[in-house]
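> Build me a model from this:
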Amino acid sequence: MTASADLLVDAFGRINESVHDVVDGLSPDELAVRLDDGANSIAWLVWHLSRIQDDHIADAAGIDEVWIAQDWSERFELPFTRGATGYGHSPKEVAALGGVSAELLTGYHDAVHDQTVEFVRPLKDADLRRVVDDAWVPAVTLGVRLVSVIADDLQHAGQAAFIRGWLERP
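As a prediction, this is how the structure comes out:
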C-alpha cells in the first residue's frame, strides 16, 4: 500500500468512526430530530453522507453501489427513487428518514466503508491522477474526487454531531 492509500484508508476510517459515534445509543425518534422544519436530522445526514460516498466510489471504481447491489434500498423502505442520494431534498423528503434505526444506518455505512476501503487500499499515486469527471474545468481526478467525498462526509458527520450535542445538553 502507498502512503497516499494509507492516508485515504485512515480518512475514510475516521468518517466511519464518526458515524458510529454520532448515532450510537440514539433512538429512531432522536435520530429524526430536526432543529427546525427546514433542518436536516441526524438520520438524514448519515444516510446522505453514506449515499454520496457509495455513489461516488462506485462511479469511480466502475462497480455497483452497495445501496442497490446489497438491497439496502429495500431495507430502508424510503419513498425515493433507488438512485436518490439526498442531493436537493426538500424538508418533506428529509422527514422521510424518521423511524430509521441506528443499526440500519451503521449497517449501511459499514457496507459502504468496506467497499470504499477495498477500492482505495490498492491505489497507487498514479491512479489518483486518472480523470473521473471531465464535466468540470479543470477535469476532476480520482484524487480530487476522493478528497471531495472525505470533506463532504466529515462536514455532514460534524453537523450530525452538533445535533447530537444539542440533544444531550442538560
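> for the protein, what spans make up the strands?
131-133, 140-141 (DSSP state E).
> Could I get the buried residue list for the longest helix along the chain?
Looking across the chain with DSSP state H, the single longest helix is helix 142-168. For helix 142-168, the neighbour count (16 or more other CB atoms under 10 Å) marks 142-146, 149-150, 152-153, 156-157, 159-161, 163-164 as buried. For the C-beta atoms, the positions are set from N, CA and C on the backbone; glycine is no exception.
> Of all the strands of the chain, which one is nearest A69?
strand 131-133 (19.7 Å; CB to CB).
> Give me the helices and strands touching that closest one, please.
strand 140-141, helix 142-168 (3 or more CB pairs under 8 Å, 6 or more residues apart in numbering; DSSP states H and E).
> export the ones you listed to CSV and tack on distance to D6?
CSV is the format used below for those (distance: least, CB to CB, whole Å):
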stretch, distance to D6
strand 140-141, 19
helix 142-168, 13
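> Would you reformat these as TSV and include mean pLDDT and distance to R14?
Below are the helices and strands packed on strand 131-133 laid out as TSV (pLDDT from 0 to 100; distance: least, CB to CB, whole Å):
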stretch	mean pLDDT	distance to R14
strand 140-141	96	22
helix 142-168	98	7
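> among those, which is nearest V117?
With CB to CB, the closest approach to V117 among these belongs to helix 142-168: 11.9 Å.
> Which neighbouring elements make contact with that closest one?
Using 3+ CB pairs under 8 Å, 6+ apart, helix 142-168 is in contact with helix 3-23, helix 42-61, strand 131-133.
> do that again at 10 Å, thanks
With contacts defined as 3 or more CB pairs under 10 Å, 6 or more residues apart in numbering; DSSP states H and E, helix 142-168 has these neighbours: helix 3-23, helix 28-31, helix 42-61, helix 102-120, strand 131-133.
> just those: most buried one?
Comparing the helices and strands packed on helix 142-168 by mean neighbour count (mean count of other CB atoms under 10 Å), helix 42-61 comes out on top with a mean of 24.
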